[in-house]
Structure formats: structure tokens, C-alpha cells
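K.L.:
sequence first, predicted model second:
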Amino acid sequence: MALQLVLAFTLAAIATYLLITNNYATPAQPSPAAAGQPYRRAAVTTTTTTTRPSHDTTLEAQLTADIAKPAADLHGDAVDVFEPLRAPIERVCGSPAVDGYSHVSPDCLERSPTNVAWQRFVKGGGSNKQLVSHEEVSADYDGLAVAWGPNNKKASWQDCAQACKDHVPGAHVGGPFQHLPCNAWVWCPDAVCFEPDAHKHTKGDCWLKFTELPASPEVNMRGDMDIIQPEFRQRHRSAPARVQWIAGVLLPPGQLPSNGTWSPRFRW
């Protein structure tokens, strides 16, 4: 009988020990995210069946296909379609008005870093419609006309800015700059707008332009002429006291234009 009691107490002690051990077991280690360590979501894993094409695909076609549909990066994050436009760019073709536009080379402009960046932006799925227009009242920006103002009347500067976004380069445009995009615009709000040239500029004229470095536009005129450009008004007695034009540039979201630089037209 005594042996049976000892055995019963022993079994009860073992059961109690096992119960206590399970209740106070070491907790699972926290994940890096729970521990406050850097964390990025894992890339989505998919199963892909590849079929070998019946003909060889050119490298150019492969690159075009890759650019046309930018994939997510290794961490599953979307590729920034505006990245080409945000890259540092330099002006390589010179100020177009330096000699009255006689030296301007459409080929140089088409090969310029500004245009190449825009082409990469479009091939990567971007569109001018995604860009932000930054307007400046009482200002006139220089550039090469991709749409002639007198033949491109708009009711407001907003309509002119939209026309710049809607502009599609190509042979249908005509002219020496037909293959260049619109990244700057100038609109006339008055019955007649002054310019130091031989043309007559009237209400609604919407000039669509291409300029290298749109984030740093070349400024023809700006603000109060008597304060900023007193010599200009001495040369042009018919010039108004304040610039009439409204000008703007198209830039990626989050990028703001600088104050720009004076164009050669400033001294015409």
C-alpha cells in the first residue's frame, strides 16, 4: 500500500512539473519589424512559364519592351516614371536668340539631354499630361516654337498650358522643330502684347515652345519694366510699364522652377 502511495505522489509531481514547464516556456523571437529593425516587404513571388519565341528578338525591341512597361523593383516598389526628367541636365545647344535664332540646330536640340530625357520618360510610360504647369504672371520665356502663337489662339492661360500638355510631336506638326515636345508656353492676355520683334501679338496668342532646361527657363522680359529693365524701355518707347505676357513651364510633380536666367532677347 505504501509503495502505491509513493508511486501516485511521484506521478502527480511529474504531471505538475510538465504543466508548469509548458506555461512558462521561452516565447517566440519577435520579427525584425516587431523589434523595431529596418523592414521592407518581400517581393511578390510569381510562377512564370516562358515560351521561347520562334524568331530572335532584337536587343532594341527587348529594351523597348522593358522600358514601355517598367516593372517593380526587387522589393516590389513601383518604378518612378519621372526619374529621367529629374536627372541633372545641361544646356548644350546654346541660347537660341543669341544671334537672332540663325544658328539654331534642330538636330542638336533633338539630341540634347533635355529631349533625350523626355524621350526616356515617354518610353517609360510617362505623358506630358502627368506634368505640372508652373505659370508666372508678367513674364515672357524664350524657346523654339513647336506651335506658332497667332495660329494657336486660346481663351485663357490655363487653356494654353493644357495645349502644351496635349501637344504630341511628330511629322504632322510640321516645321523644323516638329519632333520636339512642348515644355514651355507663353500666352497673351491683352488686345495687343508687346514684343521687341517684327510680329504683331494679339489676345489669345498661345506660343508652345521647347526649351533646354525648362526648370531654369530663359527669361525675355519679367515684371516691372521700369525697375527691372529701365534700359529696355529706353530702347523701346512703346513697351508697357509692366510685362503683359503670362508664361509657364512643365515639370515633374514636386519639382519647382528656378528664377531662370536672362535670355539674349533681354538686351534686344
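P.N.:
Happy to help now that I have it.
K.L.:
element containing residue 197, please.
P.N.:
Residue 197 is part of no helix or strand, with elements assigned from DSSP states H and E.
K.L.:
burial count for it?
P.N.:
Using other CB atoms under 10 Å, the number of residues around residue 197 comes to 12. All C-beta atoms are positioned from the backbone trio N, CA, C, and that covers glycine.
K.L.:
same check on residue 234?
P.N.:
Quick note: residue 234 (other CB under 10 Å) scores 9 neighbours.
K.L.:
specify the local secondary structure of it.
P.N.:
helix (DSSP: H, G, I helix; E, B strand; the rest coil).
K.L.:
for this structure, which segments count as helices?
P.N.:
For the chain, the helices defined by DSSP state H occupy 2-23, 59-68, 83-86, 106-110, 113-123, 157-166, 225-228, 230-235.
K.L.:
those: lowest mean pLDDT?
P.N.:
Mean pLDDT values for the helices of the chain show the minimum at helix 59-68, a mean of 36.
K.L.:
what are the buried residues along stretch 254-268?
P.N.:
Going by neighbour count (16 or more other CB atoms under 10 Å), the buried part of stretch 254-268 is 257, 260, 262, 263, 264, 265, 266.
K.L.:
and if you look at stretch 115-122?
P.N.:
Neighbour counts using 16+ other CB under 10 Å place 115, 117, 118, 119, 120, 121, 122 of stretch 115-122 among the buried residues.
K.L.:
in the protein, which helix or strand is least confident?
P.N.:
helix 59-68 (a mean of 36; mean pLDDT, DSSP states H and E).
K.L.:
quick one on the thing from earlier: out of the buried residues of stretch 115-122, which comes closest to residue 215?
P.N.:
residue 117 (11.2 Å; CB to CB).
K.L.:
against residue 123, how distant is the nearest residue to the closest one once chain neighbours are set aside?
P.N.:
Sequence neighbours aside, residue 84 is the residue nearest to residue 117 in space, at 4.5 Å (criterion: CB to CB, 6 or more residues apart in numbering). In this view, residue 84 and residue 123 are 9 Å apart by CB to CB, to the nearest Å.
K.L.:
isn't residue 193 up against residue 201?
P.N.:
Yes: using CB atoms under 8 Å as the test, residue 193 is close enough to residue 201 to be in contact (4.4 Å).
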